[in-house]
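[1] from the sequence below, what's the structure:
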Amino acid sequence: MKQWFALSAIGRNRPGIVADLSELIYECDCNLEDSSMTVLGSEFAVLLLLSGRGDDVGPRLSAACKRIEWEKRLTVFFRPLESDPTSTPQAAEAHTYVLTATGLDKAGIVARVSRCLADRDINIRQMETQSRPEPESGAPFYTMRIEMDVPATADEAALRDRLDAIGRELYVDIVLEKPA
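    Sure thing, here's the model as predicted:
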């Protein structure tokens, strides 16, 4: 029977982390089903969805994760999933939207926007944020991009009004649009 696992790892960015993790997966007779990887500051972070067969696949993965933590100085977490994540029934019909927020960096942008979305049962599928100095002034300029699923029953006008209010309060530009 096919078993599913989520594995995350973080460590100082260096060449070879992806090779180390993919070899671990291969050596445990598992298949890499899905992945997301990024560099955050000086750290490399990865989230993997794996599948494998056999009664001993969980213990083999656990032992291999402990070994790679020790040998490669990574922090690794893995856990079995209770069901096949590819067959999870979708929530009520939803529409994909992209939200972007830009402006001077200040505390609370992510907290306020994500709370607004959560209060409306909007699921964030992917979020990227970045704070970089403005070329002219050197002031920290913040950008956030969110891909999300908005329930078909959501009041789009009310959502836009609330996001506009948050943008005015935080002095950031928030744009909500449906991808083409």
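
[2] contacts, neighbours, all on C-alpha from now
    Fine.

[3] show me where the protein has helices.
    17-27, 57-72, 109-118, 156-170 (DSSP state H).

[4] for R120, give me its contacts.
    Counting by CA atoms under 8 Å, 6 or more residues apart in numbering, R120 makes contact with A154.

[5] what does I17 give?
    Counting by CA under 8 Å, 6+ apart, I17 has no contacts.

[6] what's the pLDDT at it?
    Per-residue pLDDT puts I17 at 96.

[7] how near is the residue nearest in space to the middle of the chain to R162?
    The chain has Q126 as the residue nearest its centroid, 5.2 Å off, counting by CA atoms, centre = their mean. To R162, Q126 is 21 Å away according to CA to CA, to the nearest Å.

[8] just L50 next, same as before
    39 Å.

[9] returning to what we had before: what's near enough to touch the nearest residue to the residue nearest to the centre of the chain once chain neighbours are set aside?
    Nearest non-adjacent residue to Q126, counting by CA to CA, 6 or more residues apart in numbering: E147, 5.1 Å away. Shown in contact with E147 (CA under 8 Å, 6+ apart): T96, Y97, V98, L99, I124, R125, Q126, M127.

[10] more neighbours: which of L50 and R162?
    L50 (20 against 15; other CA atoms under 10 Å).

[11] contacting residues for E82?
    W4.

[12] per-residue pLDDT of it, please?
    At E82, the pLDDT value in this model is 90.

[13] how much space separates it from C116?
    30 Å.

[14] please parse this structure into its domains.
    As assigned by automatic domain parsing, the chain contains the domains 2-87, 94-177.

[15] any idea how far the last one is from the middle of the chain?
    To tie it back to what came earlier, the one meant is domain 94-177. Here domain 94-177 shows a centroid-to-chain-centroid distance of 15 Å under the convention CA atoms, centre = their mean, to the nearest Å.

[16] and that domain, how far apart are its ends?
    Using CA to CA, the two ends of domain 94-177 sit 14 Å apart.

[17] what does stretch 8-26 give?
    16 Å.

[18] and it, what's buried?
    Within stretch 8-26, the residues scored as buried using 16 or more other CA atoms under 10 Å are S8, A9, I10, G11, R12, N13, I17, L21, S22, L24, I25.

[19] cool, and stretch 65-78?
    Going by 16+ other CA under 10 Å, stretch 65-78 has these buried residues: C65, I68, E69, L74, T75, V76, F78.

[20] roughly how far does the third one sit from S42?
    E69 is 18 Å from S42, where distance means CA to CA.
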